[in-house]
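Quick check, what structure comes out for this input:
(chains A, B, C, D, E and F)
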There are 4 protein chains.
Amino acid sequence: MVRKSISAEKEKPVRDSEATRARILKAAKAEFAKLGLAGARIDSIAERAQSNKRMIYEYFDNKDGLFQAVLEDAYQNIRNAERKLKLQELEPLQAMTRLVSFTWDYYLKNPHFLTLVNSENLYKGVHLKKARDTMGEMHAPMIQMVSDILDRGVAQGVFKPGVDPIQLTISIAAVSYYYLNNRFTGSVIYGFDLASPEALQARIDFNIQSILAMLRP
Amino acid sequence: MVRKSISAEKEKPVRDSEATRARILKAAKAEFAKLGLAGARIDSIAERAQSNKRMIYEYFDNKDGLFQAVLEDAYQNIRNAERKLKLQELEPLQAMTRLVSFTWDYYLKNPHFLTLVNSENLYKGVHLKKARDTMGEMHAPMIQMVSDILDRGVAQGVFKPGVDPIQLTISIAAVSYYYLNNRFTGSVIYGFDLASPEALQARIDFNIQSILAMLRP
Amino acid sequence: MVRKSISAEKEKPVRDSEATRARILKAAKAEFAKLGLAGARIDSIAERAQSNKRMIYEYFDNKDGLFQAVLEDAYQNIRNAERKLKLQELEPLQAMTRLVSFTWDYYLKNPHFLTLVNSENLYKGVHLKKARDTMGEMHAPMIQMVSDILDRGVAQGVFKPGVDPIQLTISIAAVSYYYLNNRFTGSVIYGFDLASPEALQARIDFNIQSILAMLRP
Amino acid sequence: MVRKSISAEKEKPVRDSEATRARILKAAKAEFAKLGLAGARIDSIAERAQSNKRMIYEYFDNKDGLFQAVLEDAYQNIRNAERKLKLQELEPLQAMTRLVSFTWDYYLKNPHFLTLVNSENLYKGVHLKKARDTMGEMHAPMIQMVSDILDRGVAQGVFKPGVDPIQLTISIAAVSYYYLNNRFTGSVIYGFDLASPEALQARIDFNIQSILAMLRP
DNA sequence: CATGAATGAGAATTCATTCAT
DNA sequence: TATGAATGAATTCTCATTCAT
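Numbering: from 1, shown residues only, chains lettered A, B, ... in the order given. Here you go, the predicted model:
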């Protein structure tokens, strides 16, 4: 593999279209996550990316195209992370616990994902619909994983039968997503800091208990 | 009751500051809900309100002030609706079911509430924090209601003890909010229309079962 | 009639939408005439008009809308001028001479008209087509005027019969338009200054002789 | 004749500076003719030429240099075509008819010439003035040709004496140029399609008659 | 000779906000 | 109170031109 630059790693490489594109994408993800699609500024993204506006239009056509690329990338990242979970190697109860924890941790460490998804839903999913055509399947793997765990758990008698894997998957996401996404309004409404370490620990514990309770035979 | 206008030709009253303010607020709610804070346009709001920009600045100072007012109004509305539930008059199981149903129905019929809350969280809750000072308590009533139901349920042996009413309240909101808010990306990812009547019915049924399962002794 | 401003005539009036629109239109006509549609600058037009860009978009929507308005105005001006000619009151030979002279003089004193028409033809007439719907008839009066003169001249035996009034009208415009419009390249190609007073006089004389020669019985 | 490329796969030769220059010039002529100098895009020209922007700057320095080269080429082409007419071998009346027809046909088949000339006049002939120094004489041949025809016609008694050959040459161009160049606005104004085969035929007939009428003794 | 990457100035258009009536 | 006019700062997007390979 060829080294692009002799000097320090973080330095801006020159004349490297792949690297430039990647820097723009990263910068855009941060900007869109922070300010939404309408609030994000092309100028600001170019600056964050240590590039310039013209390159953004070269690689992504326009603001919507850039947002779509960011969204695609975000979904691919979470799917890749999910794939690495290897839940089929765990016992059903452990696997389910692992999945709830993973979801929580992912949202906690990648808060941009939440706001990007919100933005996209504000726009009624138009960008993701376009991306779907170029991305192929998005839904199958996760649902299949959950379905398998449920089946094994039912067979072992540790889960009750008849639970819909899609509904369960949605709820697993819901209990983490809602809490973390709305932590600011939540802190005002409920009167305590939802983002404190203690509060976070309490929530993940509660979520695991909740999901397992839903499955208790 | 005082007639606002002698000529009944137009709904829009002339020189009625209260009515003008109300029309602006309603228009702004629709605009902010549809496009977010950054995406909303003052011009568009003035037009929707059959008023003009100057009035918006007269009554709300600036765009952020208007957003804050909209948010305040939205929270007051949901609180008012909650207050009318009279859950204390129902048996614990029925009360809890009623609460889950109410939450679902409210979000379903007032989708603007979801996007407004999202927008506000994108901005880290700054507007709501300011509003809190002028609005007084926001959190207590709902939590108290849930806490009472839990206590009665535990006393009757129908709910397990030790469930945190705040965590439960959050989860009740979460399972409805997440599904409805993300119905567009969800439809792409899960491969079916999350907003179809059948899908909606299936989801509310699942949510009621889930919450009750969390409380089963 | 109300005076818009007490002070000097050329001063920029305040808060007078008609006047602002008119100033913009005038400025745009000069800019488009000098640089064409693509070469014209909105910034420059706003400055010339002593207004600002926003007003241009308020009154004319966009650059094309502004160009269309300018074109409409230019055609209306020349039509108005034509209408004042009262050729029907002159003898056929005099009327025809008058018409050729008028055309020449109008082009000479309103060179912007030539370049605007050129620009519009570069764009295949799209703006004028749109304007036609809002402007109504454009062609009839001039042709009718020429046709009447021809008829009277034929009746009097001073013009030969069978001359097509439309073709003649076009040629009357052509011999002046081409010379004046292409006076810059012409000066290079033919090796003398086509815009000198003597050259101009020679050309209008030639044109009158030419048109009359076409009609000689 | 030397083979430019061994592999006949693509028309575009590799590493052939003459051919590249020619392709750029051709592409630029089309682009400038369609959009004018200000409206033309360097990017678009490079693409049309199957070359790249760098080459344009290599061969023509900048946009104006390219425009100048295009203009030079266009004038050289029409001069070459004129030279092939051999009007001196024809009788005066036939020679004159031939010249009017040629002018019409050339404009009809090379409409880019009209728009290029217009563009250049919009810019007051600056490019052509520069080109003149490098091109030498441009005007003489055509005028001389017309002058000769006139002289012979006068001698034979078929043309009236005293007609200025330059004015006549200009009018011969004018009656064709104006009609064809302004066919789009003309179609709107006169209410019929000036570019239909019948209309074109009617016009060239009229033009021949007109020019001959001007010369009738 | 050839090419893709990069850039900075600029161009059209938009927007929140203020002013004058 | 109400309204249309006006403004200047952004904002998205474009373009001619240059650089590095």
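
quick one: is the lowest-mean-pLDDT helix or strand in chain A near chain B?
When the helices and strands of chain A are compared on mean pLDDT, DSSP states H and E, helix A:126-135 comes out lowest with a mean of 85. Yes - for a cut-off given as CB under 8 Å from any CB of the partner chain, helix A:126-135 has contacts with chain B, namely A:Leu128, A:Lys129, A:Arg132. In short, each C-beta sits where N, CA and C put it, glycine included.

what about the residue in chain A that chain C sits nearest to, how many neighbours?
Using CB to the nearest CB, the point where chain A gets nearest to chain C is A:Asn62, with a distance of 18.1 Å. Around A:Asn62 there are 11 other residues, counting by other CB atoms under 10 Å in any protein chain shown.

Around DNA strand E, which positions in chain A sit nearby?
Residues of chain A lying close to DNA strand E by CB under 7 Å from any atom of the strand are A:Val14, A:Arg15, A:Asp16, A:Ser17, A:Ala19, A:Thr20, A:Ser51, A:Asn52, A:Lys53, A:Arg54, A:Met55, A:Glu58.

any bit of the host helix or strand of A:Ala19 sitting next to chain B?
Of the helices and strands defined by DSSP states H and E, A:Ala19 is found in helix A:17-39. Yes - using CB under 8 Å from any CB, we find that helix A:17-39 touches chain B at A:Lys34, A:Leu35, A:Gly36, A:Leu37, A:Ala38, A:Gly39.

okay but the third one is in contact with B:Leu35, surely?
No - applying CB atoms under 8 Å, one finds A:Gly36 not in contact with B:Leu35, separated by 9.6 Å.

For A:Ala213, which non-adjacent residue is closest in space?
The spatially closest residue to A:Ala213, leaving aside those adjacent along the chain, is B:Met214, at 4.7 Å (CB to CB, 6 or more residues apart in numbering or on different chains).

so how far is DNA strand E from the residue of chain A closest to chain C?
In this view, A:Asn62 and DNA strand E are 13 Å apart by CB to the nearest atom of the strand, to the nearest Å.

so what's that residue up against?
When the contact criterion is CB atoms under 8 Å, 6 or more residues apart in numbering or on different chains, A:Asn62 has no partners at all.

Quick one: residues contacting the residue most central in space within chain A.
With distances taken as CA atoms, centre = their mean, A:Phe113 lies nearest the centre of chain A, 4.1 Å away. Taking CB under 8 Å, 6+ apart, we find A:Phe113 in contact with A:Ala33, A:Ala74, A:Asn77, A:Ile78, A:Tyr106, A:Tyr107.

Now do whatever helix or strand the last one lives in: which elements does it pack against?
Meaning A:Tyr107. Assessed by DSSP H and E, A:Tyr107 sits inside helix A:92-109. Applying 3 or more CB pairs under 8 Å, 6 or more residues apart in numbering or on different chains; DSSP states H and E, we find helix A:92-109 packed against helix A:63-83, helix A:111-122, helix A:140-156, helix A:165-181, helix A:197-215.

any idea how far that helix is from the chain center?
13 Å (CA atoms, centre = their mean, to the nearest Å).

Could I get the average pLDDT for that helix?
Along helix A:92-109, the predicted confidence averages to a pLDDT of 98.

quick one: contacts of that helix?
When contacts are taken as CB under 8 Å, 6+ apart, the neighbours of helix A:92-109 outside the stretch itself are A:78, A:81-82, A:85, A:87-88, A:90, A:113-114, A:145-146, A:149-150, A:152-153, A:156, A:158-159, A:172-173, A:176-177, A:180-181, A:200, A:203-204, A:207-208, A:211-212, A:215.

Can you name the residue of chain A that approaches chain D most closely?
A:Glu58 (11.1 Å).

So that residue, which state does it fall into?
Assigned with DSSP: H, G, I helix; E, B strand; the rest coil, A:Glu58 falls in the helix class.

before we move on, back to that, who wins for most neighbours among the contacts of A:Phe113?
That'd be A:Ala33 among these, by other CB under 10 Å, with 21 neighbours.

Show the model's pLDDT score for that residue.
97.

check contacts around the residue lying closest to it once chain neighbours are set aside.
Spatial nearest neighbour of A:Ala33, chain neighbours left out: A:His112 (3.2 Å); criterion: CB to CB, 6+ apart. Taking CB under 8 Å, 6+ apart as the criterion, A:His112 is in contact with A:Lys29, A:Ala30, A:Phe32, A:Ala33, A:Lys34, A:Ala74.

repeat that for 10 Å
The neighbourhood of A:His112, defined by CB atoms under 10 Å, 6 or more residues apart in numbering or on different chains, consists of A:Lys29, A:Ala30, A:Glu31, A:Phe32, A:Ala33, A:Lys34, A:Val70, A:Ala74.

per-residue confidence for it?
At A:His112 the predicted local confidence, pLDDT, stands at 97.

Compute the distance between it and DNA strand F, please.
When A:His112 is compared with DNA strand F (using CB to the nearest atom of the strand), they lie 18 Å apart.

okay, now A:Ile189: neighbour count?
23.

Surely it is in contact with B:Gly125?
Yes - the pair A:Ile189 and B:Gly125 passes the contact test of CB atoms under 10 Å, sitting 9.4 Å apart.

which residues are in contact with both of the two?
Between them, A:Ile189 and B:Gly125 share these contacting residues under CB under 10 Å, 6+ apart: A:Asn182, B:Val117, B:Arg132.

ChimeraX command to pick out the buried ones of the residues of chain A next to DNA strand E?
Command for ChimeraX that selects the buried part of the residues of chain A next to DNA strand E, burial taken from 16 or more other CB atoms under 10 Å in any protein chain shown:
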select /A:20,51,55
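
okay, now A:Leu194: neighbour count?
A:Leu194 is surrounded by 21 other residues when neighbours are defined as other CB under 10 Å.

The one 4 residues further on now?
Here the neighbour count serves as a burial measure; for A:Glu198 (other CB under 10 Å) it reads 9.

ok, now the one 10 residues further on?
The number of residues packed near A:Ile208 is 18, by other CB under 10 Å.

ok so, going back, let me have the contacts of A:His112 in TSV, extended by distance to A:Ala95.
Compiled in TSV, the contacts of A:His112 are given as follows (distance: CB to CB, whole Å):
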residue	distance to A:Ala95
A:Lys29	30
A:Ala30	33
A:Glu31	37
A:Phe32	33
A:Ala33	30
A:Lys34	35
A:Val70	31
A:Ala74	25
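
Now rank those residues by neighbours and give me the top one.
Counting by other CB under 10 Å, top hit in these: A:Val70 with 29 neighbours.
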